[in-house]
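>>> Pasting a predicted model and its sequence here:
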Amino acid sequence: MISESIYWRRDLFNLAKELRRKSSQRLWQEASVVRLEKSLLIGCYAVRRLLDSAKLSKSYRDKLIPAVELPALDVNLSRFRFSPPIDLDIAGEMYDFHSGKPTNLKLSFLINQFVHSYTLLYIVPCAEVPRTVVLVTSDKERLKRLLAFWLEDIAQLFEHAAISDQSDFIRKWDKVKKEHTFDGKLEPSDRLAEWGFATREEIDDAISRYDKTSSVGDLSEALRTLREAMENYFD
């Protein structure tokens with residue numbers, strides 16, 4: 001359990017800022033990729049710990065995250081030298097980028113995809129894709145589908161948790177689980193500024209985005225267009 005969540009929220013807030021910067025970053029070095037991987041994994045774990053410690057309400061737990069599902073293709077996986085797709089070209093041979101299906105995922109499912117990721121790739125902004133895209137699938141889901149997200153939406157998820165605070169705290173006894181459950185009303189807070197972990201301007205900016213998703217554009221269409229460009233290039 002977490003006794004004081006402000007330090008976890010501080011780190012989530014900083015991770016959200018880093019992911020938002022990387023959402024528009026066009027020049028990437030290997031170190032940038034490593035930092036992105038660590039930010040995603042650590043951020044998802046931090047969100048899970050806050051949820052397990054009753055520091056975030058049921059309304060946050062029930063959030064639905066927009067994504068695009070890329071179904072797995074019927075291919076002979078043994079012909080690939082490495083099992084996990086190690087680049088976008090191999091991912092395009094294993095998953096159908098032409099038939100991306102928009103979907104909304106439960107928060108717990110999304111967290112598991114990153115914490116137990118089998119494949120974790122990214123697409124930098126380009127002519128076909130205006131913002132950074134993250135591609136992920138867990139070891140359990142790898143033979144079914146690859147999931148795509150706008151990185152901005154993941155940043156928003158972390159930021160929402162970072163600046164939230166609960167009021168009207170309620171405790172109930174769950175007879176089935178034989179444990180107390182906790183819930184409350186989740187609202188944006190300026191505690192990070194009060195503790196000196198963020199400026200008032202940063203908090204005001206974050207509150208203006210509170211509980212919103214990105215409006216970058218149609219992700220499934222962007223991925224389809226990108227795959228077609230790659231196929232034409234290699235032809």
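Received the coordinates, thanks. A quick note: this is a predicted structure, and the numbers were derived from the prediction, not measured.
>>> ok, residues contacting the helix ranked longest in the chain?
As assigned by DSSP state H, the longest helix anywhere in the chain is helix 30-52. When contacts are taken as Cβ atoms under 8 Å, 6 or more residues apart in numbering, the neighbours of helix 30-52 outside the stretch itself are 1-2, 5, 8-9, 11-12, 15-16, 18-19, 22, 25, 56, 60-61, 107, 110-111, 114-115, 117, 120, 122, 134, 136, 154, 157-158, 161. All C-beta atoms are positioned from the backbone trio N, CA, C, and that covers glycine.
>>> any low-confidence regions in this protein?
For the chain, residues meeting the criterion pLDDT under 70 lie at 1, 81-83, 180-181, 213-216, 233-235.
>>> what secondary structure does the residue nearest in space to the middle of it sit in?
Central residue of the chain (Cα atoms, centre = their mean): I154, 3.4 Å from the mean position. In three-state terms, and counting by DSSP: H, G, I helix; E, B strand; the rest coil, I154 is helix.
>>> Toward the C-terminus, what is the element adjacent to the longest helix of the chain?
Under the assignment DSSP states H and E, the closest C-terminal helix or strand after helix 30-52 is helix 58-61.
>>> Please state the offset of that following helix from the chain centre?
Remark: helix 58-61 is offset 16 Å from the chain centroid, using Cα atoms, centre = their mean, to the nearest Å.
>>> List the buried residues of it.
Y60 (16 or more other Cβ atoms under 10 Å).
>>> Output that helix as CSV, restricted to C-alpha atoms.
Coordinates of the C-alpha atoms in helix 58-61 are reproduced here as CSV (Å, rounded to 0.1, in the frame of the first residue of the first chain):
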residue,chain,number,x,y,z
LYS,A,58,-13.6,3.8,-9.5
SER,A,59,-14.3,6.4,-12.1
TYR,A,60,-10.6,6.4,-13.1
ARG,A,61,-10.4,2.6,-12.9
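>>> In terms of secondary structure, what does it contact?
Taking 3 or more Cβ pairs under 8 Å, 6 or more residues apart in numbering; DSSP states H and E as contact, the helices and strands that helix 58-61 lies on are helix 107-115, strand 179-188.
>>> mind redoing it with 6 Å?
Using 3 or more Cβ pairs under 6 Å, 6 or more residues apart in numbering; DSSP states H and E as the contact test, the elements touching helix 58-61 are strand 179-188.
>>> any idea how far L27 is from the closest residue to V115 other than its chain neighbours?
Distances taken as Cβ to Cβ, 6 or more residues apart in numbering place C44 nearest to V115, at 5.5 Å, with adjacent residues excluded. Computed as Cβ to Cβ, to the nearest Å, the C44 to L27 distance reads 26 Å.
>>> Just give me how far the longest helix of the chain sits from the chain centre.
With Cα atoms, centre = their mean as the basis, helix 30-52 stands 9 Å off its chain's centre.
>>> Equivalent analysis for stretch 220-233, please.
The offset between the C-alpha centroid of stretch 220-233 and the centroid of the whole chain comes to 23 Å, using Cα atoms, centre = their mean.
>>> what does stretch 193-210 give?
Using Cα atoms, centre = their mean, the distance between the centre of stretch 193-210 and that of its chain works out at 21 Å.
>>> With stretch 99-113 instead?
Worked out by Cα atoms, centre = their mean, stretch 99-113 lies 9 Å from the chain centre.
>>> With only the CA atoms kept, save that stretch in CSV.
Presented in CSV, the C-alpha positions along stretch 99-113 are these (Å, rounded to 0.1, in the frame of the first residue of the first chain):
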residue,chain,number,x,y,z
SER,A,99,-7.7,-3.7,-41.3
GLY,A,100,-7.2,-1.6,-38.1
LYS,A,101,-10.3,-1.6,-36.0
PRO,A,102,-11.0,1.3,-33.5
THR,A,103,-11.8,0.1,-30.0
ASN,A,104,-11.9,1.3,-26.4
LEU,A,105,-9.9,-0.7,-23.9
LYS,A,106,-10.4,-1.0,-20.1
LEU,A,107,-7.6,0.6,-18.1
SER,A,108,-6.6,-2.6,-16.4
PHE,A,109,-6.2,-4.3,-19.7
LEU,A,110,-4.1,-1.5,-21.1
ILE,A,111,-1.8,-1.6,-18.1
ASN,A,112,-1.3,-5.3,-18.4
GLN,A,113,-0.3,-4.9,-22.1
